[in-house]
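Trainee: below are the sequence and a predicted model for it; my questions follow.
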Amino acid sequence: MGELPMKNKQSLSFSSDDDTGDRPSLSEIPIKVDVKPKRKRIKVSSPPKGRKMFTQDEKHAIIAGVEKFGRGRWKEIKDYYNELLGDRTSTQIKDCYRTMLNKNEL
């Protein structure tokens, strides 16, 4: 196999003859340097909102929406009953329906 061409390398001289005296010797350099640990960044945001229970009107809207659109169509139910469910996410609506099923509230 052929050899790869070598790039020009510069040699460094570490002799004490060319020391000018303004640089510290290796014995004068501190071995350990105290470094402050990094601080964890704290995310600044608004305080967490508390949980808001579903009202009976919201629950009735969810039940009516499931009858009209079917289970799993949470976005359509939210959009259709936007006046009642506008502050809720599709996931919250789904979870409320599942809870009503588990508690036999349907």
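Mentor: Nice, thanks for sending it over. Everything quoted here is computed from the prediction, not taken from an experiment.

Trainee: quick one: terminal-to-terminal distance for stretch 65-75?
Mentor: From its first residue to its last, stretch 65-75 covers 10 Å (C-alpha to C-alpha, to the nearest Å).

Trainee: can you tell me what sits against that stretch?
Mentor: With contact meaning C-beta atoms under 8 Å, 6 or more residues apart in numbering, stretch 65-75 is reached by E76, I77, Y80, Y81, S90, T91, I93, K94, Y97. All C-beta spots, glycine's among them, are computed from the backbone N, C-alpha and C.

Trainee: which one of the residues you listed is nearest to K43?
Mentor: Ranking the contacts of stretch 65-75 by separation from K43, with C-beta to C-beta as the measure, puts T91 on top at 22.4 Å.

Trainee: ok, and what's touching the helix or strand that contains that closest one?
Mentor: Using DSSP states H and E, T91 sits within helix 90-102. Helix 90-102 is contacted by residues 54, 58-59, 62-63, 65-66, 71, 74-75, 77-78, 85, 88, 105-106 when judged by C-beta under 8 Å, 6+ apart.

Trainee: if you set the cut-off to 10 Å instead, what comes out?
Mentor: 51-54, 58-59, 61-63, 65-66, 71-79, 81, 85, 88-89, 105-106 (C-beta atoms under 10 Å, 6 or more residues apart in numbering).

Trainee: list the buried residues of stretch 35-54.
Mentor: Using 16 or more other C-beta atoms under 10 Å as the burial criterion, the residues of stretch 35-54 that qualify are F54.

Trainee: quick check: mean pLDDT of it?
Mentor: In this model, stretch 35-54 has an average pLDDT of 77.

Trainee: can I get it as CSV, trimmed to CA atoms?
Mentor: These are the backbone C-alpha positions of stretch 35-54, laid out as CSV (Å, rounded to 0.1, in the frame of the first residue of the first chain):
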residue,chain,number,x,y,z
VAL,A,35,-13.9,26.2,40.0
LYS,A,36,-17.4,27.1,41.1
PRO,A,37,-19.9,24.4,40.3
LYS,A,38,-22.5,25.3,37.6
ARG,A,39,-25.8,26.4,39.0
LYS,A,40,-28.9,24.7,37.9
ARG,A,41,-31.0,26.9,35.8
ILE,A,42,-34.4,27.5,37.2
LYS,A,43,-37.2,27.8,34.7
VAL,A,44,-39.1,31.0,35.4
SER,A,45,-42.8,30.5,34.5
SER,A,46,-46.2,31.3,35.8
PRO,A,47,-47.3,29.4,38.9
PRO,A,48,-49.1,26.1,38.2
LYS,A,49,-52.8,26.3,37.8
GLY,A,50,-54.9,24.3,40.1
ARG,A,51,-57.2,21.5,38.9
LYS,A,52,-60.7,22.6,37.9
MET,A,53,-63.5,20.1,38.4
PHE,A,54,-65.8,19.5,35.4
